[in-house]
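Undergrad: My questions are about this predicted structure, shown below with the sequence.
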Amino acid sequence: MKAREFIVLGIALLFAGAAPALAEEVVIAAQYPLSGPMASYSGPFLREGTEIAIDRINETHMLGAGRTLKVIIEDNAGDRNQAISLMNRFATSDNALAVLGVYGSYLSLPAAPVANELKIPFLAIAASPAIVQAGPWSFILIEQPDSSMKIEAEYAANRLKAHYAALVYDRANDASVRLKDAFAKYFKERGGTVVSEDGISAQDTNFAPIATKIVSEKIDLLYIESVPSVAANFLVQVKQAGLDPSVKLIASGQVSSPVFRSIAGAAAEGILYAADYVPDMPAPENRYFVDNYRKRYHKDPDQNAAWAYTGMLLLAHAIHDAGPGADRAKVRDALAKLQNVDTPLGAGKFSYDKDRMPDFDLIVLQITKGVPQLVK
Amino acid sequence: MLAQQLLNGLVVGAVYALFSLGLTIVFGMHRILNLAHGAVFMWGAFIGYFAVTLAGLPLWAAFILAVIGAGFVSVALDLCVFRPLRRHQGDEFGTIVASIGANLILMQLAQEATNAQTLRFPFGIFPVIFYNLLGLRVSLQQIVILGAVLVIVAGLLLFLFRTSLGSEARAVAVNESTAMLLGVNPGKIYMTSFFIAGMLAGAAGVILGIAFNSVTYVMGDAIMLQAFVVIVLGGLGSVVGAVLSGVVIGMIQTLTTAYISTELSDAVVFGLLFVVLLIRPNGFFSGLHSEYRVA
């Protein structure tokens, strides 16, 4: 054997011997509204939360020894057709083990049947139970409206002593309508009266007509449910329209975003809300998340970033529990069995119940002197 | 509440008119339906915002900078998109499609520049002062907006009907070839009209950005829809029609939202458009259109 052939053979043997020790790359796909009308309050935060989670998972070998996580992040532009197309692509071309995201019930509902048809675990960053009902392959990450709205209605009636409420919600968002309906139901059960209900759109910027109408109503409570930037803008305009300072403010957890406080400023003072995420919570996983997020992006994470981070962690735990070389079915089964996983959400522990519905403790906060203070 | 809502409608309608004027001027003079006009409006708001937040300019200086800056963006659109098409004798459909492309590019640039975030002018940039006039709660901001729109529209009418450049512009609108025979340089007129249209859009962008507490890369889309209704109802190319129609649309939209349903405000506005087109295909103010229109 000539020297050159000997060297080539040696190199080939070296690679052959090394092959079993090469890391297994696990592929997860994520799709978010990185452009389009939803992007201003969701996409970039979701991507940033995902990126922090990837580092966390790979640095701590969360998937197990020799396994690294690769995440394909794509933009669905807030478009249902693109959400479906991407789901198809992730399952068939990219061979992803699971899919996270889509974002919101509006986009997730049409994507869920596709995920079930293609038999790929789909963890939707959404709250609609219909996503879970689409089949055994779909999961949701966000607590049910009933949980948060029941708490908020109790606070409105008992703590804020409110009796007459005006409700403002995002009319184009299925989840927002359900939140509003749940709040109205529980508020009425506690003796409250809903004076008016006004739907707004996340694309609206001129709220003067509704603000003027609400100011003319005899109310002692204003409920607002919309994306953070819109809810903030609405509050600013309703205050400018002359809302009586004695009217109490209550909102859905969306206002926990730093974006809300930065836009609303003083108009946010006193607003009360039940949230599933607050950067200041002391849970260890949240401290890691917030510290690294601040270090990397020089700002506080919002609810969306925490959702994406949590979703990635849940999938990582499921992949770990499913074991090396696990297929999609094993990952799905492991995901459904997750209990007491450390995450930044709520009080810090996340579980799935027997119906694959998320279960974690919500937090009630009130903005006092510009800062969210823990109420519960 | 009715009077208060009418005031709300008047203010927002005045800004619709300001925005729509640019669209109708370019169409009236050059038969170009510039679908990137909303992007110019959006960039006007962004220039104003960055002038305040990054350069630390006072609002009045930022406003002037935004108006001029949006004018240049509009001229750049003409030079880069419409002029090459004119040279190659592109048809109207090609021009519309090209303007859609330009709109997307300008929006994409803004999206990248802002990471798709909704921005707002700093608190206190405009004094929050309210007056009680005849039982109405009128803000200083509303007074300034109405005053500014009146001054700008008056200035535009003076330019078009009381200056030689305005006369040349109207001559080009009537017949470009004939105007050239009379010694008018159409290139200069194109540049002037696009600059003015951009300035009007930029002014509207800053005003709405402050009034509605929101500056975002998609802000041009919604107002473009309203502007279509305004210029069609007002009569395509009609300056006075655009102003009156803008105010009427603003009021109808506001009253529908307040008294009927927020969900129906766009449906009512577009339903009105449909009905008016059946009765007056050339627009509600077609009489004024033929009398005062740019062309």
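TA: Right, received. Where do you want to start?
Undergrad: Give the buried residues for the helix or strand encompassing A:Phe350.
TA: Assessed by DSSP states H and E, A:Phe350 sits inside strand A:349-352. Across strand A:349-352, burial judged by 16 or more other Cβ atoms under 10 Å in any protein chain shown covers A:349-350, A:352. From N, CA and C alone the C-beta is placed, and that goes for glycine too.
Undergrad: per-residue pLDDT, the residue of the stretch 1-150 of chain A found nearest chain B?
TA: For the stretch 1-150 of chain A, the residue closest to chain B is A:Ala39, as judged by Cβ to the nearest Cβ, at 3.7 Å. What the model reports as pLDDT for A:Ala39 is 85.
Undergrad: Name the SS class of A:Pro301, please.
TA: coil (DSSP: H, G, I helix; E, B strand; the rest coil).
Undergrad: What are the phi and psi values at it?
TA: In terms of degrees, to the nearest 10, the main-chain angles of A:Pro301 are phi -70, psi 150.
Undergrad: Secondary structure element for residue 132, which one?
TA: By default, I'm working from chain A. Using DSSP H and E, A:Val132 falls in helix A:129-133.
Undergrad: let's do chain B instead
TA: Using DSSP H and E, the element containing B:Asn132 is strand B:130-133.
Undergrad: I would like the residues contacting that strand, please.
TA: With contact meaning Cβ atoms under 8 Å, 6 or more residues apart in numbering or on different chains, strand B:130-133 is reached by A:242, B:137-140, B:143.
Undergrad: For the residue of the stretch 1-150 of chain A closest to chain B, give me its contacts.
TA: Taking Cβ under 8 Å, 6+ apart as the test, what A:Ala39 contacts is A:33, A:77-78, B:111, B:116.
Undergrad: quick one on the thing from earlier: quick check, nearest of the buried residues of strand A:349-352 to A:Phe260?
TA: Nearest to A:Phe260 among the buried residues of strand A:349-352, counting by Cβ to Cβ, is A:Phe350 at 23.6 Å.
Undergrad: May I have the beta-bridge partners of the closest one?
TA: Beta bridges link A:Phe350 to A:Val341, judged by DSSP bridges.
Undergrad: what's near enough to touch it?
TA: A:310, A:314, A:338, A:340-343, A:358-360.
Undergrad: swap in B:Ala113?
TA: Here B:Ala113 is in contact with B:Phe46 (Cβ under 8 Å, 6+ apart).
Undergrad: Am I right that it is in a strand?
TA: No: residue state for B:Ala113 (three-state DSSP) corresponds to helix; a strand is not indicated.
Undergrad: how close does it get to A:Asp244?
TA: B:Ala113 sits at a distance of 40 Å from A:Asp244 (criterion: Cβ to Cβ, to the nearest Å).
Undergrad: Next: A:Ala53.
TA: Distance from A:Ala53 to A:Asp244, by Cβ to Cβ: 44 Å.
Undergrad: Would you mind listing which of the contacts of strand B:130-133 are buried?
TA: Counted by 16+ other Cβ under 10 Å, the contacts of strand B:130-133 give A:242, B:137-139 as buried.
Undergrad: how about JSON lines for the residues you listed, with distance to A:Glu117 and pLDDT added?
TA: Output for the buried ones among the contacts of strand B:130-133, formatted as JSON lines (distance: Cβ to Cβ, whole Å; pLDDT from 0 to 100):
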{"residue": "A:Gly242", "distance to A:Glu117": "53", "pLDDT": "89"}
{"residue": "B:Arg137", "distance to A:Glu117": "56", "pLDDT": "87"}
{"residue": "B:Val138", "distance to A:Glu117": "58", "pLDDT": "91"}
{"residue": "B:Ser139", "distance to A:Glu117": "55", "pLDDT": "89"}
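Undergrad: Which ones among those residues map onto helices?
TA: Members of those lying in helices (criterion: DSSP state H): none.
Undergrad: from the residues you listed, which ones fall inside strands?
TA: Judged by DSSP state E, strands contain the following of those: B:137-139.
Undergrad: of these, closest to chain A?
TA: Nearest member of those to chain A, counting by Cβ to the nearest Cβ, is B:Arg137, at 5.5 Å.
Undergrad: Pretty sure that closest one sits against A:Ala241.
TA: Yes: counting by Cβ atoms under 8 Å, a contact exists between B:Arg137 and A:Ala241, whose distance comes to 7.4 Å.
Undergrad: Quick check: residues of the stretch 101-250 of chain A near chain B?
TA: Listed as neighbours of chain B in the stretch 101-250 of chain A under the rule Cβ under 8 Å from any Cβ of the partner chain: A:171, A:198-201, A:203-210, A:212-213, A:216, A:229, A:232-233, A:236-237, A:240-242.
Undergrad: And those residues, which of them are buried?
TA: Among these, those scoring as buried are A:171, A:198-201, A:204-210, A:212-213, A:229, A:232-233, A:236-237, A:240-242 (criterion: 16+ other Cβ under 10 Å).
Undergrad: In helices, which of those residues fall?
TA: Counting by DSSP H, those contribute A:208-210, A:212-213, A:229, A:232-233, A:236-237, A:240 to helices.
Undergrad: can you redo those as JSON lines with distance to B:Ala267 and pLDDT?
TA: Converted to JSON lines, these look like this (distance: Cβ to Cβ, whole Å; pLDDT from 0 to 100):
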{"residue": "A:Ala208", "distance to B:Ala267": "20", "pLDDT": "91"}
{"residue": "A:Pro209", "distance to B:Ala267": "15", "pLDDT": "92"}
{"residue": "A:Ile210", "distance to B:Ala267": "17", "pLDDT": "94"}
{"residue": "A:Thr212", "distance to B:Ala267": "21", "pLDDT": "93"}
{"residue": "A:Lys213", "distance to B:Ala267": "19", "pLDDT": "93"}
{"residue": "A:Ser229", "distance to B:Ala267": "25", "pLDDT": "87"}
{"residue": "A:Ala232", "distance to B:Ala267": "27", "pLDDT": "93"}
{"residue": "A:Asn233", "distance to B:Ala267": "23", "pLDDT": "91"}
{"residue": "A:Val236", "distance to B:Ala267": "27", "pLDDT": "92"}
{"residue": "A:Gln237", "distance to B:Ala267": "23", "pLDDT": "92"}
{"residue": "A:Gln240", "distance to B:Ala267": "27", "pLDDT": "88"}
